[in-house]
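[1] Make a model of this:
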Amino acid sequence: VERAAAAFPSTATHLLEIHGALPNAPAIRRPPPAINGQFLWTRAGLRALPRTPPSLVASPLLSAGEKVRLFSEFLRAPRRGGPPESTGAFARRRLGRAVAERFLRPMTLGIYGTRPEELGVADAFPTLPAMESKDGGVLRALRKRRDAAQREIWTFEDGMEALPRAIATALGPTVVRTSNPVSDVGPAASSIEVRTADGTRVRAREVVLATTAPEQARLVARFDAEAASLVSGVRSVPMLVACVGLSPVAAQHVPKAFGFLRAPGAPGRILGAAFASHLNPAVAPLDHALMNVFLGGGGDPDALLLSDDDVRDVVERDLSRALSTRVRLVYLSIVRWTRAIPVLSIGHRARMERGNALLAPHRIRLSGSHITGVGVHACTRAPA
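    Prediction:
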């Protein structure tokens, strides 16, 4: 089971460059084309999410009037200047309220665990304002680009852990030291001294801190108080991940896709689910299904307080409704992340860039999902 990141897009250029440079790169699993779709769980059940402008025309998720409003985006002039926007405000302005509520809201809850109003569009989805400024609009850009429709969801045969393991093996045991937390980072003559929990002192020309925002703030406080304050201000949302196994009877009702998201108004509490055994059948016994089901986020932090039995009840009830069949779990593994996903609010990237700029003279650089964006593929990007 995967308890956090479970897959990556086929367009993850930086990740694939690292993968290609490894002497013993882990095998990549490429699911069949049918698995690359995604569903919305609506009041009417599971409905396929459109992936291209033409598929939006045929989608029953929008009325005729809402489609007219959406495609009027071709006629709308790009916004020039003005204050930074939230993701929700951008989507309503360019694509209409229906698209913002029915498509964007479940997507931001699924990716970031929070509402689109909480996210800066240039911070959480920088490609969207780039589409407007460079191509004149989102639909114009999508019509030109085929990568969105052709993008696939890939995994590693031996799980996401296979990538960092392969990197560690390539670097060797004298370079990679695991299970040895850093207790302090301090200046030293013409270098930086890193002290670990076992008393070891390591001299370094440069230090990259890829730990959590609160831990980064603690470690850099002696170097720059403003940088520490900027990083300590990063909010994160909690998330509960329930890895669940379905019997062959229930597994037959899991649609061919990589998962689903709960739409506003759907009668459930879960945020969505990823179909792990569709991406890699080897993770479940024959004819069974393995899913990762998500609860919590900024709108439901109390989900982390649920007992394991309560989680089972919620997941069985909601999956039964979503899949339109009685679901009784044959396997359940739960992990609770109190700081799961950073909230990339308006101005977040500028604040993090400012923090890194303040620390650059000290030869310290910050990384992690609150710096690069969420997802393993984002965290593998080379620094600007």
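[2] residue contacts, residue 328?
    Applying C-beta atoms under 8 Å, 6 or more residues apart in numbering, we find residue 328 in contact with 247, 250, 316. (Glycine included, C-beta is placed from N, CA and C.)
[3] does it count as helix, strand or coil?
    At residue 328 the chain is in coil, as set by DSSP: H, G, I helix; E, B strand; the rest coil.
[4] okay, it: pLDDT?
    You'll see residue 328 listed with a pLDDT of 97.
[5] Kindly report the same for residue 23.
    Reported pLDDT for residue 23: 94.
[6] Count residues in the vicinity of it, would you?
    Using other C-beta atoms under 10 Å, residue 23 is surrounded by 7 other residues.
[7] now do the one 5 residues further on
    A count of nearby residues for residue 28, using other C-beta under 10 Å, gives 15.
[8] what's the span of stretch 43-60 from first residue to last?
    13 Å (C-alpha to C-alpha, to the nearest Å).
[9] returning to what we had before: ok, and the most crowded of the contacts of residue 328?
    residue 250 (21 neighbours).
[10] And it, how far from residue 351?
    Using C-beta to C-beta, to the nearest Å, residue 250 is found at 46 Å from residue 351.
[11] again with residue 216
    Residue 216 sits 13 Å away from residue 351, going by C-beta to C-beta.
[12] Let me see the contact set for the residue nearest to residue 98 when sequence neighbours are not counted.
    Nearest residue to residue 98 in three dimensions, chain neighbours excluded: residue 66, at 4.0 Å (C-beta to C-beta, 6 or more residues apart in numbering). Counting by C-beta under 8 Å, 6+ apart, residue 66 makes contact with 96, 98, 99.
[13] Would you format those residues as a markdown table with secondary structure and pLDDT included?
    Putting the contacts of residue 66 into a markdown table (DSSP: H, G, I helix; E, B strand; the rest coil; pLDDT from 0 to 100) gives the following:
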| residue | secondary structure | pLDDT |
| --- | --- | --- |
| 96 | coil | 95 |
| 98 | helix | 94 |
| 99 | helix | 92 |
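[14] show me where pLDDT drops low in the stretch 51-200 of the chain?
    Applying pLDDT under 70 to the stretch 51-200 of the chain flags residues 146-149.
[15] Verify the assumption that the residue nearest to residue 98 is located in a helix.
    Yes. According to three-state DSSP, residue 66 belongs to a helix.
[16] now it: how far from residue 131?
    In this view, residue 66 and residue 131 are 20 Å apart by C-beta to C-beta.
[17] hmm, back to that, now, which of the contacts of residue 66 sits nearest residue 334?
    residue 99 (33.9 Å; C-beta to C-beta).
[18] returning to what we had before: the more surrounded of residue 216 and residue 351?
    Taking other C-beta under 10 Å, residue 216 and residue 351 do not tie; residue 216 has more neighbours (27 against 19).
[19] So which bits of the helix or strand encompassing that one are buried?
    Taking DSSP states H and E as the criterion, residue 216 maps to helix 213-220. For helix 213-220, the neighbour count (16 or more other C-beta atoms under 10 Å) marks 213, 216, 217, 218, 219, 220 as buried.
[20] go on, stretch 32-44?
    For stretch 32-44, by 16+ other C-beta under 10 Å, it's 35, 36, 37, 38, 39, 40, 41, 42.
[21] Now those in a markdown table, please, with extra columns for pLDDT and distance to residue 203.
    Putting these into a markdown table (pLDDT from 0 to 100; distance: C-beta to C-beta, whole Å) gives the following:
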| residue | pLDDT | distance to residue 203 |
| --- | --- | --- |
| 35 | 89 | 48 |
| 36 | 85 | 48 |
| 37 | 89 | 51 |
| 38 | 93 | 48 |
| 39 | 95 | 53 |
| 40 | 95 | 53 |
| 41 | 96 | 54 |
| 42 | 94 | 58 |
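[22] now those as a markdown table including distance to residue 177?
    Below are those laid out as a markdown table (distance: C-beta to C-beta, whole Å):
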| residue | distance to residue 177 |
| --- | --- |
| 35 | 38 |
| 36 | 39 |
| 37 | 42 |
| 38 | 39 |
| 39 | 43 |
| 40 | 45 |
| 41 | 44 |
| 42 | 49 |
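[23] Out of those residues, flag the one nearest to residue 20.
    Closest approach to residue 20 among the buried residues of stretch 32-44 (C-beta to C-beta): residue 36, at 22.0 Å.
[24] sorry, back to before: same list, the buried residues of stretch 32-44, but as TSV with distance to residue 278 and secondary structure please.
    Formatted as TSV, the buried residues of stretch 32-44 follow (distance: C-beta to C-beta, whole Å; DSSP: H, G, I helix; E, B strand; the rest coil):
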residue	distance to residue 278	secondary structure
35	5	helix
36	10	helix
37	10	coil
38	11	coil
39	12	strand
40	17	strand
41	16	strand
42	20	strand
